[in-house]
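Enquirer: sharing a model prediction with you, sequence too.
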Amino acid sequence: MNNRKLGLSLVSIVLYVILFFTFVTFAVAISSNVNYSVLGQKGELYVNEQYSKLQYNLFNSAKNSQSVSLINNKIVFSNNDEYSFDTSRKVIYKNNGILVNGVDNFAINSVDTTNLVDNSKYLSYTVSFVKYGKNLTKNLFISVGDIYENQ
């Protein structure tokens with residue numbers, strides 16, 4: 001009689017386990033590399049989206065106002081829209097509600113208004129957003145009042 005043992009031997013089980021963990025390690029390494037590049041793309045989209053949201057809201061407030069002032073580190077428009085920056089939470093608030101997140105820096109720039117008619121109608125600021133290693137820094141000059149009125 002032929003005495004053959006069928007089934008898995010201890011050597012083959014160890015070999016299968018080693019191959020399984022090698023494959024899992026390889027798959028994790030590949031997917032983490034792909035996820036890193038995807039995070040960069042998500043970061044770029046995120047910072048652009050946050051900037052667009054801030055820009056839209058500031059322009060809308062400017063359109064509906066006749067003046068703007070800086071009171072207690074808050075931007076206050078004449079239509080009572082208030083914008084403030086919380087450095088610890090890295091957010092910009094509009095009327096005490098969170099408007100945008102991921103703000104690295106928000107600074108009101110001084111504007112030379114000597115040749116302008118009304119000093120209270122202009123605002124210049126610099127804002128920086130950071131997410132997943134992507135950085136966006138923009139400067140913007142806003143004029144309030146009748147310049148943006150619909151015709």
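Expert: Arrived safely. Numbering: from 1, shown residues only.
Enquirer: drop to CA atoms for contacts and neighbour counts, all remaining ones
Expert: OK.
Enquirer: might you report the residue contacts of the residue most central in space within the chain?
Expert: Against the mean C-alpha coordinate of the chain, by C-alpha atoms, centre = their mean, the closest residue is Val47 at 3.4 Å. When contacts are counted by C-alpha atoms under 8 Å, 6 or more residues apart in numbering, Val47 touches 102, 129-131, 134-136.
Enquirer: partner strands of the helix or strand of the chain with the lowest mean pLDDT, with direction?
Expert: Of all helical and strand segments in the chain, the minimum by mean pLDDT, DSSP states H and E falls on strand 68-71, at a mean of 82. Counting by DSSP bridges, the strands paired with strand 68-71 are strand 74-77 (antiparallel).
Enquirer: CSV for the contacts of Val47, including distance to Lys94, neighbour count and secondary structure?
Expert: Shown next, in CSV, are the contacts of Val47 (distance: C-alpha to C-alpha, whole Å; neighbours: other C-alpha atoms under 10 Å; DSSP: H, G, I helix; E, B strand; the rest coil):
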residue, distance to Lys94, neighbour count, secondary structure
Gly102, 15, 19, coil
Phe129, 17, 25, strand
Val130, 20, 20, strand
Lys131, 21, 19, strand
Lys134, 24, 17, strand
Asn135, 22, 16, strand
Leu136, 21, 17, strand
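Enquirer: what is the lowest-pLDDT residue among those?
Expert: By pLDDT, Lys134 ranks lowest within the contacts of Val47, coming in at 86.
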